[in-house]
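Enquirer: Task: produce atomic coordinates for the following.
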Amino acid sequence: ADLVKADLEPAVMIDASHANSSKKPENQPLVLADIGAQLAAGDRRIVGVMVESNLVAGRQDLVPGRDLVYGQSITDGCIGWDTTVEALEKLAATGVKFDVVTALEIVEHVSDAALFLQSCCKLVKKDGMIILSTLNRTPKAYLLGIVAAEYILRWLAPGTHDWKKFVKPSELARHVEQGG
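Expert: Model prediction:
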């Protein structure tokens, strides 16, 4: 009401996880489907969505002496990669498009970068923007992103990154162009 009084467009970005999914990650696809239905029905107050996603569904505790499951959250429970792709595809099928789509520090972890980026492209408006951040497949990125971060500084669990999945800017550009 205050936004309307100030002659501003009401706008909200919805977090499909946390309270909106009753803190149950498996509810996120239902939340996204509901958001898609609202957008398809013409609700323009919704300007974006956030999905709490990881490669492996669920969450895990940090237990001394026990290896972590690669790609599984140690904080909030998340939906897994396959569920994420399916939910994004269903959201895109509603015809919904966003001004901005971000994919930060995820491209180097997905099993199929081309498919992931094509899904992102389906969700961005014609004159919209995709913001990507990923590790470049260079010797320097290998030394800093794997050797230093995982094995020397121990900021990340060993095995978090696979250098073969690091993506060169030319590959990113090609995947985005193919995605539309």
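Enquirer: Now the residue lying closest to Val31 once chain neighbours are set aside: phi and psi?
Expert: The shortest distance from Val31 to any non-neighbouring residue, by C-beta to C-beta, 6 or more residues apart in numbering, is to Ala16 (4.3 Å). All C-beta atoms are positioned from the backbone trio N, CA, C, and that covers glycine. Per-residue torsions, Ala16: phi -70, psi -10 (degrees, to the nearest 10).
Enquirer: what's near enough to touch Ala16?
Expert: With contacts defined as C-beta atoms under 8 Å, 6 or more residues apart in numbering, the neighbours of Ala16 are 28, 31-32, 35, 49-52.
Enquirer: Please report how far the residue nearest to the spatial centre of the chain lies from Val4.
Expert: Geometric centre of the chain, nearest residue: Ala103, 5.2 Å, by C-alpha atoms, centre = their mean. Separation of Ala103 from Val4 (C-beta to C-beta, to the nearest Å): 33 Å.
Enquirer: mind checking the longest strand of this structure?
Expert: Counting residues, the longest strand found in the chain (DSSP state E) is strand 124-133.
Enquirer: ranges for the helices of the chain?
Expert: 2-5, 28-40, 81-93, 113-122, 139-141, 169-179 (DSSP state H).
Enquirer: In this protein, where is pLDDT below threshold?
Expert: Scanning the chain for pLDDT under 70 picks out the ranges 1.
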